[in-house]
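**Q** I'll drop the sequence and a predicted model, then ask my questions.
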Amino acid sequence: MKNFNMIYLLFIIPILYGCTSAEASSGNLPSVTNSSAMIESIKETISVEDESKTEKEIQDIYSETNSEGIRLELADVSGSDPIYSLAFKKQDTNTGNYLNYADLNSEASDNSDDLENIDIKVEPNCYFGYWLDSEDRLCLSICNIEGNDSIKVMIDGLEYTFSPNREKQEERVLNKSIEVKDESVLIEKAVFYPEYIALYLSEDTGNVYENMFLAVDSEGKRTGPGVYWQEDNKVLIYKKENIINNDTLHLQVGQQNEFEDINVELK
């Protein structure tokens with residue numbers, strides 16, 4: 001897997017709208033580990049167990065409290081399998097006050113230092129990105145493409161266990177080649193989630209493997225995917241809304257201003 005550590009202060013535009021992903025744009029990205037893409041933030045998800053409850057209501061709100069009386073508070077959670085967005089605050093239980101991760105008003109404050117001074121780990125190893133939404137609110141985006149039942153998030157030594165709302169998925173073996181300029185790339189399979197579709201591309205199938213793969217909707221709007229690397233695959237994740245018609249995904253594949261139109265039958 002490839003590791004990236006790109007620093008960004010404020011999350012402004014979700015990845016899967018427009019062409020703002022690593023596939024579609026080289027603009028500002030949040031700090032990202034094990035991923036070349038930002039993760040889509042979704043407003044709300046409903047639990048399978050109880051449709052009247054939101055994902056946040058199902059999760060434990062607090063981590064364990066350390067010896068100094070400090071704990072993590074889950075301030076917000078949203079998303080849909082396999083992509084989730086979490087927001088954490090640090091609370092001093094001795095006073096009830098929230099602690100700042102950084103002083104953003106300080107003249108000496110540096111965006112890179114503010115994030116690099118925050119110790120963040122995620123287990124099992126999965127793709128995540130993080131940014132400061134405010135001085136006391138740290139946002140974390142997680143792509144659970146590996147299908148973990150629980151994910152441990154460790155922030156400055158405080159550990160919180162997140163339980164993804166695992167949703168029904170359908171896997172279709174495709175083994176279809178995309179031909180671009182006399183080169184090809186093999187799409188091994190597609191995995192369908194309620195809100196997303198993931199395409200698995202075989203590694204070492206020509207230079208086209210490194211191209212951008214932009215989905216095009218019925219109005220001609222191009223959407224860049226989230227891009228994730230596994231040992232033998234490049235995985236492209238798209239939000240399904242408006243990009244699949246009659247079990248066919250329309251892609252524009254290429255680099256810069258040179259793209260070719262490709263239709264991928266998903267059956």
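**A** On my side now, so go ahead. Everything numeric in this text was worked out from a predicted model, so none of it was measured.

**Q** now the stretch 101-250 of the chain, which segments are flagged as low pLDDT?
**A** Within the stretch 101-250 of the chain, the ranges that satisfy pLDDT under 70 run 106-113, 204-209.

**Q** so where does the nearest residue to Asn175 once chain neighbours are set aside fall, helix or strand?
**A** Residue nearest to Asn175 in three dimensions, not counting chain neighbours: Glu188, with 6.1 Å by Cβ to Cβ, 6 or more residues apart in numbering. In this view, the C-beta of every residue, glycine as well, is placed from N, C-alpha and C. Element membership for Glu188, per DSSP states H and E: strand 183-192.

**Q** That strand: what's the following helix or strand?
**A** Note on strand 183-192: by DSSP H and E, the next helix or strand toward the C-terminus is strand 196-202.

**Q** who does that following strand pair up with?
**A** strand 183-192 (antiparallel), strand 233-239 (antiparallel) (DSSP bridges).

**Q** deepest of these, which one?
**A** Among those, ranked by average contacts under mean count of other Cβ atoms under 10 Å, first place goes to strand 233-239 (a mean of 22).

**Q** Quick check: what element follows that strand along the chain?
**A** Next along from strand 233-239, by DSSP H and E: strand 244-245.

**Q** quick one: the strands in the stretch 51-200 of the chain?
**A** Applying DSSP state E, counting those that start in this stretch to the stretch 51-200 of the chain gives strands spanning 70-80, 83-92, 98-99, 120-123, 127-134, 137-143, 151-155, 158-162, 170-180, 183-192, 196-202.

**Q** looking just at contacts, which helices and strands does the second one meet?
**A** Based on contacts counted as 3 or more Cβ pairs under 8 Å, 6 or more residues apart in numbering; DSSP states H and E, the elements that strand 83-92 packs against are strand 70-80, strand 98-99, strand 137-143, strand 151-155, strand 158-162.

**Q** Which one, of those, ends up nearest to Gln255?
**A** strand 137-143 (24.4 Å; Cβ to Cβ).

**Q** quick one: the closest one to chain centroid distance?
**A** 9 Å (Cα atoms, centre = their mean, to the nearest Å).

**Q** And stretch 257-267, by the same measure?
**A** Its chain's C-alpha centre and that of stretch 257-267 lie 23 Å apart, by Cα atoms, centre = their mean.
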